[in-house]
Each structure stands twice: as structure tokens, then as C-alpha cells.
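Student: I would like to see how this sequence folds:
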Amino acid sequence: MSSMLKVENLESGYGAMQVLWKPSLEVKKGSITSLLGPNGVGKSTFLLTVLGSVEPWAGKIFYEDKEITNLPTHKKVDLGIALVPEGKHLFDGMNVHENLIMGAYRKEAIKYIDDSLELVYSLFPILKERDRQGAGTLSGGQQQMLTIARALMTKPNLIMLDEPSQGLAPILVGEVFETIQKLQAEVGLTILLVEQNAEASLNAASYVYIMHEGQIKAEGTADKIRGSSDIREAYLGI
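Tutor: Take a look at the predicted model:
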């Protein structure tokens with residue numbers, strides 16, 4: 001499998017505070033790769049630095065073998081990189097359909113808006129049922145699905161998900177992860193998944209990196225990480 005995203009020795013932070021201390025990571029095309037670790041270890045900063053919302057201080061970022069380290073965020077989005085940030089970032093005053101249309105702002109995406117809507121509604125039948133309902137009136141799980149669906153409207157090749165299971169009831173966590181697996185299996189998307197929920201991530205991802213204090217402390221196949229009680233105890237608390 002060829003590489004979709006490759007990050008080498010990335011450093012960044014906020015003001016004078018360094019958060020990332022040279023983590024390196026690779027996401028193979030068509031795979032689900034997970035970046036795991038407890039809260040506050042730099043996982044979200046890693047995604048924001050890849051996207052360019054946080055400026056990289058040092059290191060390199062490659063997308064489909066082209067270096068994109070210092071490209072502005074909108075150019076990275078134009079290349080087909082989407083970030084689904086932590087928490088709900090919806091337009092509450094708009095209905096489901098309007099929120100989805102707002103996602104298709106890339107030139108590339110506008111051309112395929114009808115196909116994208118069809119795809120999204122087939123993946124998330126509940127959103128089709130509620131397409132005229134105000135986004136703010138949806139349940140937490142439905143809002144999370146709408147946030148993911150809206151990112152799909154940009155026609156991404158690589159989708160980065162930041163804590164998609166956060167704040168959801170266990171039954172809904174299962175549903176969200178099933179959808180993530182569908183995106184990979186049926187839509188062929190490449191996914192980088194940032195999570196604290198180790199159990200669900202290990203079930204969904206093929207390859208896992210573990211971050212602690214801004215560094216990658218362990219990596220391997222999901223089976224390898226699951227099988228190592230040392231790694232699980234040291235970093236995942238499971």
C-alpha cells in the first residue's frame with residue numbers, strides 16, 4: 001500500500017510552549033490508522049499542525065509523496081484533506097440539508113454535490129429522515145454523524161477524525177465506529193483516527209500509534225498493541 005500521509009519529526013506548539021516533540025507517523029492509502037493516547041498529550045495539536053491551523057516549527061509533512069509542510073490550510077483542504085474537529089461544529093440554526101450543503105465549498109466538491117448527498121444519505125439514513133430538521137435539535141450521536149457527513153461533502157481523500165466518540169453513550173460509540181469502518185470499506189477513504197477510546201480504536205484500525213507527552217511511544221498493528229500488556233498498561237490504562 002502506498003503512503004497517503006507521512007509525517008516526519010514534527011515539532012509545534014503554542015507561543016513558547018512546545019507540544020509536539022518530533023512524532024513521526026505514516027498513514028497508508030485506504031487504511032484506518034489510529035493515534036491513541038490519553039487526553040492532553042498532543043493528539044489534537046498533531047492534527048491541527050498537519051492541517052496547518054497550528055504552524056509547524058520543524059519536521060516535514062508529505063501528502064501523496066508531495067511535501068506540504070508549510071502550505072496554507074485552504075490549499076491542504078483543496079488537495080483533499082478534511083479534519084472533523086473535536087466537539088460539534090454545526091450551524092445550529094440551519095437544518096441538516098443546509099449544513100451538508102455548507103460542506104461542499106471546494107470547487108471540486110460543488111460539481112459532485114448531488115452524488116455526495118446521495119452517498120451521505122445512504123451512509124447515514126437517519127440524516128435523510130431528518131434532512132429538514134434543525135441541526136441543533138438532533139441528538140448528540142446524530143450531531144456527530146452530521147459533523148462527519150459534512151466533512152464528506154468536501155470530497156476528501158484523507159479524513160482526520162478528532163475524538164469522534166467523545167461524549168457519546170456506549171451504544172452510539174459502536175454506531176459511529178461502524179460508520180468509520182464503512183467509510184473505509186465502501187467509500188475507499190483513508191482515515192486517521194485520533195481517540196482516547198482504545199478498545200473501539202483497536203477494533204477499527206489496522207495500524208496504531210501511541211502518543212504520550214508529544215512523542216510516539218509505541219506503534220504496531222492493532223493486534224500487536226492489543227497483545228502487549230506492557231504497552232496497554234503504560235499508556236492506555238486497559
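
Student: Spell out which residues make up each domain of the protein.
Tutor: Listed domain ranges for the chain are 1-80+158-238, 87-156 (source: automatic domain parsing).

Student: Let me have these in JSON lines, extended by mean neighbour count and mean pLDDT.
Tutor: Every C-beta, even on glycine, is put in place using the N, C-alpha and C of the backbone. As requested, the domains of the chain are exported to JSON lines (neighbours: other CB atoms under 10 Å; pLDDT from 0 to 100):
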{"stretch": "domain 1-80+158-238", "mean neighbour count": "18", "mean pLDDT": "93"}
{"stretch": "domain 87-156", "mean neighbour count": "17", "mean pLDDT": "91"}
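
Student: Residues contacting stretch 90-100, please?
Tutor: 102, 116-117, 120, 127, 130-136, 138, 143, 146-147, 149-150, 153 (CB atoms under 8 Å, 6 or more residues apart in numbering).

Student: now do 7 Å
Tutor: 102, 117, 120, 127, 130-136, 143, 146-147, 149-150, 153 (CB atoms under 7 Å, 6 or more residues apart in numbering).

Student: Show only the entries of these found in helices.
Tutor: Those of the contacts of stretch 90-100 mapping onto helices are 102, 117, 120, 127, 143, 146-147, 149-150, per DSSP state H.

Student: In the chain, mark out all the strands, start to finish.
Tutor: Assigned by DSSP state E, the strands in the chain fall at 3-14, 17-21, 25-28, 32-36, 58-63, 66-67, 81-84, 158-162, 190-195, 207-212, 215-221.

Student: Kindly reformat those as CSV containing distance to residue 169.
Tutor: Formatted as CSV, the strands of the chain follow (distance: least, CB to CB, whole Å):
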stretch, distance to residue 169
strand 3-14, 31
strand 17-21, 31
strand 25-28, 29
strand 32-36, 21
strand 58-63, 35
strand 66-67, 41
strand 81-84, 19
strand 158-162, 18
strand 190-195, 16
strand 207-212, 24
strand 215-221, 29
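
Student: of all those, which lies closest to residue 228?
Tutor: For the strands of the chain, the distance to residue 228 is smallest for strand 215-221, at 7.7 Å, taking CB to CB.

Student: then the longest helix along the chain to PDB, C-alphas only?
Tutor: Looking across the chain with DSSP H, the single longest helix is helix 170-185. Coordinates of each C-alpha in helix 170-185 appear next as PDB, following Å, rounded to 0.1, in the frame of the first residue of the first chain:
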ATOM      1  CA  PRO A 170     -21.500   3.400  24.500                       C
ATOM      2  CA  ILE A 171     -24.200   2.200  22.100                       C
ATOM      3  CA  LEU A 172     -23.600   5.300  19.900                       C
ATOM      4  CA  VAL A 173     -19.800   4.800  20.000                       C
ATOM      5  CA  GLY A 174     -20.400   1.500  18.300                       C
ATOM      6  CA  GLU A 175     -22.600   3.100  15.600                       C
ATOM      7  CA  VAL A 176     -20.000   5.900  14.900                       C
ATOM      8  CA  PHE A 177     -17.200   3.300  14.600                       C
ATOM      9  CA  GLU A 178     -19.300   1.100  12.300                       C
ATOM     10  CA  THR A 179     -19.700   4.200  10.100                       C
ATOM     11  CA  ILE A 180     -16.000   4.900  10.100                       C
ATOM     12  CA  GLN A 181     -15.300   1.300   9.000                       C
ATOM     13  CA  LYS A 182     -17.900   1.700   6.300                       C
ATOM     14  CA  LEU A 183     -16.200   4.900   5.000                       C
ATOM     15  CA  GLN A 184     -13.000   2.800   4.600                       C
ATOM     16  CA  ALA A 185     -14.600  -0.400   3.200                       C
END
